[in-house]
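*Asks:* what's the 3D shape of this:
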Amino acid sequence: MITAIVLVKTDVDRIPEVAQEIAELDGVSEVYSVTGEVDLVAMVRVREHEQLAGVIAERLSKVPGVRSTTTYLAFRTYSRHDLDAAFALGLNGD
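*Replies:* Residues are numbered from 1 along each chain as shown. Got it, this is the predicted structure:
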């Protein structure tokens, strides 16, 4: 699974509508409304790199109200749940 973190700047008066439309796209697992220099953070999860262009460039970036996007690809996922499971299996080097 390939995970992309997409930072989205939107028209301020359309943030909720843009977030909802992005959330409904195939390949988008979550959309967060955030503070800071961007308005939304979208998590995109696909099976193959080629699918990223379809989700991000062809659909997400063309949602009315999206002004710009910046995409980061995740190399590895770390979560408390994953770490707790690994330690429970004895993978902590002991």
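*Asks:* mind listing what the residue nearest the centre of the chain touches?
*Replies:* Central residue check for the chain by Cα atoms, centre = their mean: the C-alpha nearest the mean position is that of Met43, 1.4 Å away. Listed by Cβ atoms under 8 Å, 6 or more residues apart in numbering, the contact set of Met43 reads Thr3, Ala4, Ile5, Val6, Val28, Ser29, Glu30, Val31. Using the backbone N, CA and C atoms, a C-beta is placed for each residue, glycine as well.
*Asks:* Can you tell me the element the third one falls in?
*Replies:* Assigning secondary structure by DSSP states H and E places Ile5 in strand 2-10.
*Asks:* Same check on the last one?
*Replies:* When secondary structure is defined by DSSP H and E, Val31 falls within strand 28-33.
*Asks:* Quick one: list the elements packing against that strand.
*Replies:* helix 15-23, strand 40-46 (3 or more Cβ pairs under 8 Å, 6 or more residues apart in numbering; DSSP states H and E).
*Asks:* So what's the gap between it and the chain middle?
*Replies:* The gap between where strand 28-33 is centred and where its chain is centred comes out at 6 Å by Cα atoms, centre = their mean, to the nearest Å.
*Asks:* Adjacent strands (with direction) for it?
*Replies:* As defined by DSSP bridges, the strand partners of strand 28-33 come to strand 40-46 (antiparallel).
*Asks:* and the next element down the chain from the partner strand?
*Replies:* From strand 40-46 onward toward the C-terminus, using DSSP H and E, the following helix or strand is helix 49-52.
*Asks:* could you check the angle strand 40-46 makes with the helix or strand following that following helix?
*Replies:* Following helix 49-52 in sequence order, the next helix or strand is strand 66-73 (DSSP H and E). Strand 66-73 and strand 40-46 are oriented at 50 degrees to each other (axes from the mean of the first three to the mean of the last three Cα atoms, to 10 degrees).
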